Structures are given as structure tokens and as C-alpha cells.
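J.: My questions are about this predicted structure, shown below with the sequence.
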Number of protein chains: 4
Amino acid sequence: MGQARGAGRSFNQLAGTSLDRLAGISDGIFAVGMTLLVLGLAVPALSSSETNESGLARALAELGPNVLIYTMSFMTLGIFWVGQGTQLSQLVRSNRHFVWLQLAFLFAVTLVPFSTALLAHFPGLKLALVEYWLNIVLLGAMLLAGLEYGLRAHLFEETEQPDMARLMRGRILIAQSLYAFATALCLVFPTWVSIALIVLIQLNYVIAPRIPILRRF
Amino acid sequence: MGQARGAGRSFNQLAGTSLDRLAGISDGIFAVGMTLLVLGLAVPALSSSETNESGLARALAELGPNVLIYTMSFMTLGIFWVGQGTQLSQLVRSNRHFVWLQLAFLFAVTLVPFSTALLAHFPGLKLALVEYWLNIVLLGAMLLAGLEYGLRAHLFEETEQPDMARLMRGRILIAQSLYAFATALCLVFPTWVSIALIVLIQLNYVIAPRIPILRRF
Amino acid sequence: MGQARGAGRSFNQLAGTSLDRLAGISDGIFAVGMTLLVLGLAVPALSSSETNESGLARALAELGPNVLIYTMSFMTLGIFWVGQGTQLSQLVRSNRHFVWLQLAFLFAVTLVPFSTALLAHFPGLKLALVEYWLNIVLLGAMLLAGLEYGLRAHLFEETEQPDMARLMRGRILIAQSLYAFATALCLVFPTWVSIALIVLIQLNYVIAPRIPILRRF
Amino acid sequence: MGQARGAGRSFNQLAGTSLDRLAGISDGIFAVGMTLLVLGLAVPALSSSETNESGLARALAELGPNVLIYTMSFMTLGIFWVGQGTQLSQLVRSNRHFVWLQLAFLFAVTLVPFSTALLAHFPGLKLALVEYWLNIVLLGAMLLAGLEYGLRAHLFEETEQPDMARLMRGRILIAQSLYAFATALCLVFPTWVSIALIVLIQLNYVIAPRIPILRRF
């Protein structure tokens, strides 16, 4: 009996602690990822004959497309940080399976600097765009997996579950459909069209969701 | 009705959580940014004939200007960390628009290591100084945007709002005017005059504000 | 007497603070370590004649083994993050010896990116595999040292101690035996067999412990 | 009057928040610094003829002295992390001057990876050792400045102040004297003697203080 009680109590304490530390490690990984993104903007190397105002102006102008891609990735990470924060804020308990689904989500977060650098180096190649999109798909899939597992394992507040499930599923699936559509355009148009459209989709989520069902997030 | 209640409660919980996690991700981004700054101080590469006490002394002395610029950026980040901390400490609630204004502020924070490295590489070029100044402008603008939006959306403690609005607006606008003046001097004087003046302005904020209206921060 | 009281109180406050800050620095070190791991995936450098879809496809395919090794290290860090979280969640007090055992554990955590990069560069060399395994041994040994010291110094909840001691010791020793066996296979088989087996052992811990005694973690 | 009340309350809230966020940014900066230290252990580059077990063994053996220096720096950061944690745990209030003294302390923390890399590159040069020692002096001076200012401004718990002041001052001054003595030995002996002695002094603090007055920390 002592063991049964011990097992139950240790499980709850583990879960309780995990919520705090899960938030801690998530904020840490997002913070490092977001900061490293912009480090990808290397200071231009100028030869001594170029080291003047106009040489630097040209070099900074050439960084323009990179700045766009890094801004896009900062928005990607920001959107998923807000999404994960909303999901975790609804939790009333946790368990080890949920923690590992969150760690898989964070693994996808750590891949974003790589995908960003790849796209910044090869902005004209479809494959770099597709790799970037697969990273977004993985982020969305792990967030959705956390939601579905949490619903099945009753980790969220009971009275909120029906609304939350519908709203979060809807948001993830609509966003992922839009990203997939934007990426698929690269079959017809140059990759920059896809990148611009992804930025526009993200700006919609950042500034104000237009579709009523998305307003709550 | 269940939905209306659900919507209200989930909003509050989201907001409540966001305050903790907003602090978490802010501290993380500032911490990574501040640490990466000083990593910009590369260990000097010495040829084997220079690898002696006087060779290293010369190499370290050449790092002197860089040390000044990195110290300046550490103060920049410190000043804005204190400023954001003051703003967040007055919050009683949050919402997604405020969170995104804060993420835009943090985006400006992640640009500081880039702006610092640019100025450290090209301390004599006006354009590098102007880019650095634009980064400070962006930091101030986003902090001010957070304040103005928070006031309009009643996110701060009601009884504090009138004083806080006046004091924070005044502080940001005075500081930005001083930075703009210091930067504008580069039209007449070498860039080092501007850099030295920015450091002096920052030291005034760090050590003790002299102007009564600034004392509270 | 004032001193005795003072000494007692300051010790308790130190310990109380350390639990929060120990969690804070642990999450920080794990977060930086996990993010830096995947940064090891360098964007492939392509000559201008290779800069096309098939050239990038070939280069990404060559990254495949590295992706496996980085995923393995992310799981290694995740497993030990969960293990340390479980141990810390059982603490009711702390002291400076326990804090230093945890710092030694965190030192082993900071070595993981080095061990990972070494194995990713030399996946065919036994010595790189053994170095990686020694890092896992150090992680396990420090976690076990923290447990044993905590038990002896009565830092954990008294009623939990007997169960916890048995379960945690068992888990660490079984896991370490499996890792040692997998590593020892490199004496007979190529190193990739050992790496694949370590990944399988880790997946067992990540997805669901099959051995009843391990279920609680 | 509204202003006077407002001013008082906002000051307290600022201070209250700062304690949490000060801990947050401190843990972040220490975590990044500690992780980056060990990243300084670069994976050895081997020519294709050296890429075998004995070539890697030789290369790893050559890393030995670097491992010692990085371990020393991890201990340095650990010792000052424990010291700052003890100081902050005694705080009952804070103010902007104290916050800036702490930020100056954290600036010294961010310099440790640079000092470490410098000493690891030039372990035989007195100047690299002296630069490393000056970093430790700066860490100690800022910790002492925080203590002295906090005592004067009544930021610590009143009843603890007399004991705390005596114990902390003693600890910092004795440790700094030992470091200064170890460093001064480089005037007579090779720098490795000083490095070895610093490691021994640190091990004394890490494992168990032998001098009664140091026991409480």
C-alpha cells in the first residue's frame, strides 16, 4: 500500500514539476533558436577597396533577401511559441508521454535555424523551400499530436475540452493547408512567390486573424 | 453560453500564462544576446613569431575599440531589459496583440549582436553607425508601441496609468532624442565622437539619471 | 546564539533558492545544448555547378547519418532531462554538496555537443563511439551520485525514499548496462551497429518502457 | 499625492519583478556561458591519412590541457553562480542601482568564455593568465560591490546583515587573495603551476571548504 501511495504521489509530483520545467526548457529552446536565426546574418566581408560607405551599402542591400527569410523564421517561431503556450496554459496535469511529444515538438523547433540557413543559402531551389515547409509540417504535426494525446489522456480542463479541441484542430489544419498551398505554388512559379505568400499568411496570424474561428488564439 | 464562458476563461488563462512565459522568453533572448555579444571578441590569431608576451599585448591592445563597442551594446541591452521589465511589471493582464508587440521588441533585441558586429568591423563608416542607431530606434519604437497599446487596451493597473504613461513616454522620447543627436554628429565629426557620446548617454542612464523626470526608472 | 540562528536560517534560504535557480540553470543548459546540437548540421557548401536541385538533394542525403546522430543526442539529452527532473521533483531541501553534484551533472550535459560532433565527424572510429559512451556513463554516474548523496543526506521526502531509491537505482543501472553492451559490440561489429542499437534502446525509453520496473519514470 | 503613492508602488513592483527576472537573466547568462565554454573544445581536424584510431587518440590527447582549462572555467562560473545565488537569496528588496551592479557582474560572466579561449590558446603566456585572473578579480569585485551596496541600502534581511556582511566579505577577500597569490607565482614559475594551483583552490571550494569561516557558503 505504501508503494501504491508512493507511486501515485511521485507521479503527480513529477507531472507538476514537468509543467514548470517544460515551460522553462521550451522558453530556453525558443529563445536560443530565435537569437541564432538572426546570427545567420553574417557581417559582410569587404575587401579594403570596398571598405567605404557605398561598398557597405551595396553589401547590406544584398543582405535584403536574407533579412526577409530570417524575419519569416522569427515569425514562424513566434507563431508556434504562442500556439504551444496556449496549449500548455490549458493543461491541468501532464505525464511522460505528453512530455515526450513536447520534446519532439521542441526538436522540430531546433531544426528551424538549419532550415532557415538552408533556404537563405539556396532561396531559388525548390528543395530548400520544401525542406523548410516540411519543418513547418513537423511543427504543426507535433503540436496536433500533443493536443490529440492530451484530449485522449484527459490532461486538459474537462469543461474546456470540446471547444478547445475544435478550435485548436481547426487552427492547425487551416494554417497547414495554407502553408501547403503556398509551397505547392513552387511547382508553377519561382520560389520567391511561395516565400512571399508564406510571409503574408504569417503576417495574417501575427497582426490579426481575419477568420472568426481563429480569433481566440 | 458554455462557449462564451469557455472563450472568456481560455483568454484569461492564455493571458495569465503569457506573462510568465513572456518573461521567460525575454530573459532567454536577452541572456543569449548579451553572451553572444562578447563572443564577438575573437581570440587574436598570432603567427608563431608573434606568439610571445609583447605580441599578445599588441593584439589585445588592438581589441580595445572592440571592447568599447561590445560594452556599449551590453549597456544598450541592459537599459532596454530594465525598461521592458518595468513595463511588464505594471501589467495586470495581457492579450495576443500585446504579446506580438513584445515579440517584435525581442526581434529588435536579436538584431543587436548583428548591429554590434557590423559597427565593430567598420567603426569608421557612417553607415554602420546609422544601422546601429536604427536598431536602437526600433527597440525604442517597439517599447513605446507596447506602452501605447497597453494603455489603450487597459492592460496596466488603472490607478497607475496616468503617471506611468507620462513618465515612460518622456523617458523613451528623451533618450531617443539624445541618441539621434549623438548619431547626427557623424555628419560633422568622425564616427568615434558619436560612439563616445552614445556611451556617455548610456552611462548616465546606467549610473544615475540626472534629470528628475527620469529618476523613477 | 544570534549567529547560530543566522547560520541556520541563511542555510535554509540558500537551499530554498537553489531549487528554483537549479531548475533555471538546468533548463538553460539543456536548452542551449539541445539547440546547439542541431546547429552542427551545417548547410552544405555547393560549388556553382552543383547549385541545383539534384546537387542539393545529394548533399542533403549525405547529411542523413549526421541527422541520425544528432537525433540520438537530442534523445540522450531528453532522457537525462526527464531523469533529472524526476529527481529534483522529489527534493524537499538542498545543500551545497548536492548543488555541486548537479553542477557536475550539468558539466556532463555541456560535453554532449562535443561528443556528438566528434561522433558525427568520425562515425566509423571506435574511439569516437567510446568517447560518446563515456559521456553517457558520466551523465548516469552523476545522476546516481546525486541520488545516493540525496538519500544519505535526507534531502528527499522521507516516505518516498525506499521506493524511489530502488526504482531510480534500477533504472539507471539497467540503462547503463544496455548502453555498455551496445558499445561493446563495436569490438566485433562496425560502429554503426552500436549506434543503431543505442538509438533503439533510447526509443524504448522515449516511447514506452517495456520493463515493468521502469514504467514509473 | 496620487503621484507620490504611484511612485512608491511602482518602485516596489519594479523591485519585486526584478528579483524574479534578475534570477532569470542570471541563470540564462550563466547557462549560455557554461555551454559555450565547452564548445571551445573543437573537434580535431584530421587529414585522411590520420583518420584512424591512433590518429584520433593522439588528437584527443592533445586536447587534454584544453579540457583542464575548460573544466577550470566551468568551476569558476559554478563558484560565482553559487555565490550570486547566496547573495540574491538574502535580498528582501531591490532597486535600480543594485540591478545595475548585478548586470555589471553578469558582464564579467560573459567575458569568461573569452578569457578561457585566450588562456586555452596561449597557456604558456603570462599575459593570458593575467587577463584570466583580472576576469576573476572583476567577478569578485562586482559581487563585493553588490554586497556592500545592498548592505548600505538595506536591501538584505535586517537581522541577518551583520553575520552575512562579515561572512561574505571574508569569503570573497580570502578567495581573491588565494587567486592573486596563485597568479603571482607566474613571475617565478611557468604558468602551468599557477593554473594547477587555481584548479586546486577551486576544488577546495567545490568539494568542501576546509576553513571554518567558509563553511556556510
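T.: Done, it's in.

J.: roughly how far out does the strand or helix carrying residue A:112 sit from the chain middle?
T.: Element membership of residue A:112, judged by DSSP states H and E, is helix A:96-121. Using Cα atoms, centre = their mean, to the nearest Å, the mean C-alpha position of helix A:96-121 is found 8 Å from that of the whole chain.

J.: That helix: what's the following helix or strand?
T.: Where DSSP H and E defines the elements, the next helix or strand beyond helix A:96-121 is helix A:126-152.

J.: Mind checking if that next one is in reach of chain C?
T.: Yes - Helix A:126-152 lies within reach of chain C by Cβ under 8 Å from any Cβ of the partner chain, at A:126, A:127, A:128, A:131. Every C-beta, even on glycine, is put in place using the N, C-alpha and C of the backbone.

J.: Same check on stretch A:27-40?
T.: Yes - Stretch A:27-40 lies within reach of chain C by Cβ under 8 Å from any Cβ, at A:27, A:28, A:29, A:31, A:32, A:33, A:36.

J.: so which of these is the most crowded?
T.: With neighbours defined as other Cβ atoms under 10 Å in any protein chain shown, the most crowded of the residues of stretch A:27-40 next to chain C is residue A:28; it has 32 neighbours.

J.: need the contact list for that one.
T.: B:24, B:28, C:27, C:28, C:30, C:31, C:32, D:28, D:31 (Cβ atoms under 8 Å, 6 or more residues apart in numbering or on different chains).

J.: ok, and the closest non-adjacent residue to it?
T.: residue C:31 (2.7 Å; Cβ to Cβ, 6 or more residues apart in numbering or on different chains).

J.: repeat for residue A:36
T.: Nearest residue to residue A:36 in three dimensions, chain neighbours excluded: residue A:113, at 4.9 Å (Cβ to Cβ, 6+ apart).

J.: distance of the one you found from chain B?
T.: Distance, residue A:113 to chain B, using Cβ to the nearest Cβ, to the nearest Å: 12 Å.

J.: just residue A:197 next, same as before
T.: From residue A:197 to chain B the distance is 20 Å (Cβ to the nearest Cβ).

J.: Contact partners for the residue nearest to residue A:36?
T.: If you count contacts by Cβ under 8 Å, 6+ apart, residue A:113 has them with A:33, A:36, A:37, A:40, A:73, C:35, C:38, C:39.

J.: do residue A:131 as well
T.: Counting by Cβ under 8 Å, 6+ apart, residue A:131 has contacts A:115, A:118, A:119, C:60.

J.: can you tell me which two in the residues you listed are farthest apart?
T.: Maximum pairwise distance among the contacts of residue A:131 (Cβ to Cβ): 12.6 Å, between A:119 and C:60.

J.: Looking at those two, which has the bigger crowd around it?
T.: Each of residue A:119 and residue C:60 has its neighbours counted (other Cβ under 10 Å); residue A:119 has more, 28 against 17.

J.: May I ask you to confirm that the more buried one is in contact with residue A:132?
T.: Yes - proximity of residue A:119 to residue A:132 meets the contact threshold set by Cβ atoms under 8 Å, at 4.8 Å.

J.: Return the residues of chain A in contact with chain D.
T.: By the rule Cβ under 8 Å from any Cβ, the part of chain A lying against chain D is A:28, A:31, A:32.

J.: Helices along chain A, start to end?
T.: Assigned by DSSP state H, chain A shows helices spanning A:2-39, A:53-62, A:64-89, A:96-121, A:126-152, A:161-184, A:191-207.

J.: Give the buried residues for the last one.
T.: Same thing as helix A:191-207. Using 16 or more other Cβ atoms under 10 Å in any protein chain shown as the test for burial, helix A:191-207 gives A:191, A:194, A:195, A:197, A:198, A:199, A:201, A:202, A:205, A:206.

J.: The residues of stretch A:27-40 next to chain C into CSV, with extra columns for pLDDT and distance to residue A:162?
T.: As requested, the residues of stretch A:27-40 next to chain C are exported to CSV (pLDDT from 0 to 100; distance: Cβ to Cβ, whole Å):
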residue, pLDDT, distance to residue A:162
A:27, 94, 29
A:28, 95, 33
A:29, 96, 31
A:31, 95, 34
A:32, 94, 36
A:33, 94, 33
A:36, 89, 39
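
J.: so where's chain A shaky on pLDDT?
T.: For chain A, residues meeting the criterion pLDDT under 70 lie at A:1-18, A:208-217.

J.: Next one: the residue lying closest to residue A:137 once chain neighbours are set aside relative to residue A:144, how far apart?
T.: What sits nearest to residue A:137 in space, not counting adjacent residues and going by Cβ to Cβ, 6+ apart, is residue A:176, at 6.6 Å. Distance, residue A:176 to residue A:144, by Cβ to Cβ, to the nearest Å: 9 Å.

J.: what about residue A:159, how many neighbours?
T.: Neighbours of residue A:159 (other Cβ under 10 Å): 12.

J.: any idea how far it is from chain C?
T.: 28 Å.

J.: How much space separates that residue from residue A:148?
T.: From residue A:159 to residue A:148 the distance is 19 Å (Cβ to Cβ).

J.: quick check, stretch A:64-80 touching chain C?
T.: No - taking Cβ under 8 Å from any Cβ as the criterion, stretch A:64-80 and chain C are apart, separated by no less than 11.4 Å.

J.: roughly how far out does that stretch sit from the chain middle?
T.: Relative to its parent chain, stretch A:64-80 has a centroid offset of 11 Å by Cα atoms, centre = their mean.

J.: what residues does it touch?
T.: The contact list for stretch A:64-80 (Cβ under 8 Å, 6+ apart) reads A:30, A:33-34, A:37-38, A:40-41, A:105, A:109, A:112-113, A:115-116, A:119-120, A:123, A:136, A:139, A:143, A:175, A:195, A:198-199, A:202-203, A:205-206, B:100, B:103, B:107, B:110.

J.: If we go by neighbour counts, what in it is buried?
T.: Buried positions in stretch A:64-80, judged by neighbour count with 16+ other Cβ under 10 Å: A:66, A:68-70, A:72-80.

J.: again with stretch A:44-53
T.: Buried-residue list, stretch A:44-53, by 16+ other Cβ under 10 Å: A:44, A:46.

J.: end to end, how far does it reach?
T.: End-to-end distance for stretch A:44-53, by Cα to Cα, to the nearest Å: 13 Å.

J.: so what's residue A:32 closest to, chain neighbours aside?
T.: Nearest non-adjacent residue to residue A:32, counting by Cβ to Cβ, 6+ apart: residue C:35, 4.1 Å away.

J.: roughly how far apart are the closest residue to residue A:123 other than its chain neighbours and residue C:39?
T.: Sequence neighbours aside, residue A:65 is the residue nearest to residue A:123 in space, at 6.0 Å (criterion: Cβ to Cβ, 6+ apart). Counting by Cβ to Cβ, the separation of residue A:65 from residue C:39 is 22 Å.

J.: repeat for residue A:162
T.: In this view, residue A:162 and residue C:39 are 41 Å apart by Cβ to Cβ.

J.: the more surrounded of those two?
T.: Remark: of residue A:162 and residue C:39, residue C:39 carries more neighbours, 19 against 13, as counted by other Cβ under 10 Å.

J.: With adjacent residues omitted, what lies nearest to that one?
T.: Nearest residue to residue C:39, sequence neighbours excluded (Cβ to Cβ, 6+ apart): residue A:113, at 6.2 Å.

J.: Repeat that for residue A:111.
T.: Distances taken as Cβ to Cβ, 6+ apart put residue A:135 closest to residue A:111, at 5.3 Å, once the chain neighbours are dropped.

J.: I'd like to know how many residues surround residue A:105.
T.: Residue neighbour count, defined by other Cβ under 10 Å, stands at 24 for residue A:105.

J.: give the contact list for whatever residue of chain A ends up closest to chain B.
T.: At 2.7 Å from chain B, residue A:31 is the closest residue in chain A, using Cβ to the nearest Cβ. The contact partners of residue A:31, taken as Cβ under 8 Å, 6+ apart, are B:24, B:25, B:27, B:28, B:29, B:31, B:32, C:31, D:28.
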